[in-house]
Each structure stands twice: as C-alpha cells, then as structure tokens.
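**Student:** Turn this into a structure:
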Amino acid sequence: MNSYIVKGLNSKLIVLAVCLFLSGCTSASYPDVQQIMINLSQSFPPVWDMVVALSYLIGILFIARAIYALKIYGEQRTMASQGPSMKIPVTLFFVGAMLMYLPSSKSVVLMTIFGYSEPQPLSYITSNPAWSAQATQVVLQLVQLLGLIAFVRGWVYLAQTQSHNPGQHTFGKAMTHIIGGILAINIEGTREVLLSTLGISG
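**Tutor:** Here you go, the predicted model:
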C-alpha cells in the first residue's frame, strides 16, 4: 500500500519537475507594469463618460426628490402655522442642477479656483529614465478620473447632509471631495500652483 503511494508521489514530482524545467523554454514576452497601465488607459474614456452619465441620472433623481420635498412642504404649511424649512428642497435642487450640468459646473468651479474653465493639458515629464512619458501620462489621467469621481461624490454627500439621517456625510466632507476632486481633475494646474507657492522651479 505504501509503495503505491510512494510511486504515485514520485510520478507527480517528476511531472512537476518537467513542467518547471520546460517553463523557462518559452520565448514569449510578458508586458511590464508600464505596458499594463498603458493598455488599461484605453478604458479611461468610457469610464469617464459613464461617470458623467451617472451624474446626470443622480441629478434627475435629486431634482425629483426636491419636487417631492416641496410637495410635503406645501402640505405641512397649510396644516401648521410654523412650516418646515426650505433648506432641504433648495439644497436638493442646487445639487441636482450641478450634477445634471456636470461639465458646466466643473468649468465654473475651475474658473473660481484657477481662473480658467478647462483643465490644463498634461505636460509633466518624469526625470526617471526607467519610466516612460506615456506611462506618466496614464498615471495623470488616472488621477483626473479619480478626481471626477470624487467631485461627483462630493455633491452627493452635500445632498445627503440634508437628509434625516446624514450619518458620516458632513458639509466639510462634501466640500473636501468637491475641492479635492477639482484639484485632481486639473492636476497639472495644481502642480504649478504648488510649485509657485513653495518657490520651486518646475
């Protein structure tokens, strides 16, 4: 019985050793991290469009909630001398409009912070010879995409601060996402601002 187990184990070890030996005989080249990132960047534009489309849908839902909140506000005003606050429907209308017009709202916030309405083109070149310029552009594009997601989340958090159970979504957290997101969207302009502020030559 034990001899059969030993023979079976030996045959499996021999097959494993042959496979390991032959694994080094291939001439196929595998992509490195930079090439993987460059290939991954091809999906960035569809994801960007999906986030924008999702913001349109969320904006429509918030405006619908605002209309419903106005209906409740009107009914309670007729039944009580002291009605509820208008803060909730006004905030929902404002956030819904900002999300429905996401490209315009992004341009308005960019103009307010930087003085121009479009992000600066990505022109940062790394000094590391092992890191290609194309891979650097991919990293910056990823930062811009994450910034857009944070920008949209900030407006959603701002609307949720007016709910009955806001949880962890505070006004400060919402503004952090909005401002941080717009800084990431304009990552090149943010870099220039930081270099000018710290007195470092680019």
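**Student:** just the strands in the chain please.
**Tutor:** With DSSP state E as the definition, the chain shows no strands.
**Student:** Tell me which residues of the lengthiest helix in the chain come out buried.
**Tutor:** With secondary structure taken from DSSP state H, the chain has its longest helix at helix 44-79. By 16 or more other C-beta atoms under 10 Å, the buried positions in helix 44-79 come out as 51, 55, 58-59, 62-63, 65-66, 69-70. In short, each C-beta sits where N, CA and C put it, glycine included.
**Student:** helices and strands around that helix, which ones?
**Tutor:** helix 87-100, helix 102-114, helix 133-160 (3 or more C-beta pairs under 8 Å, 6 or more residues apart in numbering; DSSP states H and E).
**Student:** So which residues make contact with the second one?
**Tutor:** This means helix 102-114. Residues from elsewhere that reach helix 102-114, judged by C-beta atoms under 8 Å, 6 or more residues apart in numbering: 52, 55-56, 59, 97-99, 116-119, 148, 151-152, 178-179, 182-183, 185-186, 189, 193.
**Student:** same check, this time on the first one
**Tutor:** When contacts are defined by C-beta under 8 Å, 6+ apart, helix 87-100 is touched by residues 55-56, 58-63, 65-67, 69-70, 73, 105, 152, 155-156, 158-159, 161-162.
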